[in-house]
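K.L.:
Prediction below, plus the sequence it came from.
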Amino acid sequence: MTYQLPFSEDFIRALTDAEEREELVADQVRTRIALQIRALREQPEREWTQTQLGRRAKKPQSVISRIERIEAEKGLTLQTLLEIGAGFRLPLLLEYVEWDEWFDRMYQIEAADLRRRSYNPDYLAERAKEKEYKAAANESALKAVFSAPPKQERGRSAWEGRPTPEPQRDALLPRIVSRADTPSPANDALKPKQNPEGRAIDRLAEAADSMEYINSEAGQSLQMIYMDEVRPLRGGVFLPDIAAAAIQRYRFQGVPPRAEQNQPVKFESGAMEAGDLTVPINSLEIYRDGVLVNTGNTEDSDLVLDDALGWFFEAFKLRRPREWLPRKHQSRIIIDFDKSVGDLFVNKFRRLVRIVSEALGTDRDLELTDFQIGPHPPGENPFLQTWFLQPRIGQPHAPNRYYSVAPLATQAHLDMLRKLEVAVSASAK
């Protein structure tokens, strides 16, 4: 039959005969394969002969020639197509499609339509970063950063004879909740704050019998901002300018591949000098509705956030918002108990463990692995008001060490744990 390009209504109606449809599909598929193999082979960055392609695909030149002349017939197997794809360093996609899509694609037979890039990890990594940024374009700071329960990454231990990497800092964390008593930047000034003697993070209450504070692993401070209120009335802010200045001001080592308007921007591994204090910055992130800072504790994060906001508004002539939204925090700290969480917090827990152990047929010690207090029934965002307590992974020498995550500033988090400690101690008497 005579094929028309592009396909028309008359042409479609002529395909009601099944035999003619099958003939069309077979002929066009073989033709497109032949044309694409030739287009790929002659692509400017390749310009291979049939012999060169055959050598890479581990096929005789005669096989390549028959395929390009549409003479392969039944010898054109899936394995042959895979081997030719490997020669080009290209993947093969086979799928059944809708008829209109088939017609549209099958008749795109110009050489420019058929050319493809060979596997290039640098190009693909760049494309992946672009897709990540575009996917996050419309996400708020809360949704992008605090949308999952806490997750610890188990580092390789020295006990296993291998080096231990830096602590995981970027795991997705639970959503955070605003505290009414949490300070926000003043409306009239945003200036770097000097860290005074007797910092709050160092004014820890003396440890009682059951709990010992070990360290603060991370603290995040988030300032939500109504961007409509702060954008200049005329002109605007060119995001690449902010990115370049931020890299210089905070000495960031990890920078976004490119800074694009309306896209979240994340800077990593920097530092800020505040008097005699050097504050390492794990990350500073700018979203469409807020600025997030991640350091070792929320007091340091507040210090950096105050400095960054004051600098942003002054250097880039932004308008002051009519009202500062309450600042939000999330903290992760490490604590030791003198007993397991099961012994401390759950009444008759050991009896339950014995029942479960017998049912599972295990002779290993079982323990409460996660302790979580949050809203029930859970709402749309259950992590907005949830406290998590998990065994600290990768710490075999400290069996009662725990990882506590709460939607609180570091000091408020510690205060809550102290109150829990007092309550547990009182109930044990």
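P.N.:
Yep, that arrived.
K.L.:
Pass me the low-pLDDT residue ranges in the stretch 1-150 of the chain, would you?
P.N.:
Regions of the stretch 1-150 of the chain meeting the criterion pLDDT under 70 cover residues 1-7, 72-75, 130, 132-150.
K.L.:
for the strand ranked longest in the chain, packing partners?
P.N.:
For the chain, the strand with the greatest residue count under DSSP state E is strand 211-224. Here strand 211-224 touches helix 141-145, strand 290-295, helix 298-315, strand 328-337, helix 410-428, going by 3 or more C-beta pairs under 8 Å, 6 or more residues apart in numbering; DSSP states H and E. Every residue, glycine included, has its C-beta placed from N, CA and C.
K.L.:
Swap in 10 Å and give it another go.
P.N.:
If you count contacts as 3 or more C-beta pairs under 10 Å, 6 or more residues apart in numbering; DSSP states H and E, strand 211-224 packs onto helix 141-145, strand 277-287, strand 290-295, helix 298-315, strand 328-337, strand 401-406, helix 410-428.
K.L.:
Let me see the mean pLDDT of it.
P.N.:
For strand 211-224, mean pLDDT rounds to 88.
K.L.:
from the middle of its chain, how far away would the helix or strand following it be?
P.N.:
As assigned by DSSP states H and E, the chain's next helix or strand after strand 211-224 is helix 227-230. Here helix 227-230 is found 27 Å from its chain centre; the criterion is C-alpha atoms, centre = their mean, to the nearest Å.
K.L.:
which residues are in contact with helix 227-230?
P.N.:
Contacts with helix 227-230, where a contact means C-beta atoms under 10 Å, 6 or more residues apart in numbering, come from 237, 287-290, 309, 312-313, 316, 318-323.
K.L.:
what do you get if the cut-off is 7 Å, keeping everything else the same?
P.N.:
Contact partners of helix 227-230, identified using C-beta atoms under 7 Å, 6 or more residues apart in numbering, comprise R288, D289, L318, R319, P321, R322.
K.L.:
can you dump the C-alpha coordinates of it into PDB?
P.N.:
What follows is helix 227-230, C-alpha atoms only, in PDB (Å, rounded to 0.1, in the frame of the first residue of the first chain):
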ATOM      1  CA  MET A 227       8.000  37.600  49.800                       C
ATOM      2  CA  ASP A 228       5.300  39.900  48.400                       C
ATOM      3  CA  GLU A 229       6.100  42.300  51.300                       C
ATOM      4  CA  VAL A 230       9.900  42.400  50.900                       C
END
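K.L.:
Now do the buried residues in that helix.
P.N.:
Neighbour-count burial for helix 227-230 flags V230 (criterion: 16 or more other C-beta atoms under 10 Å).
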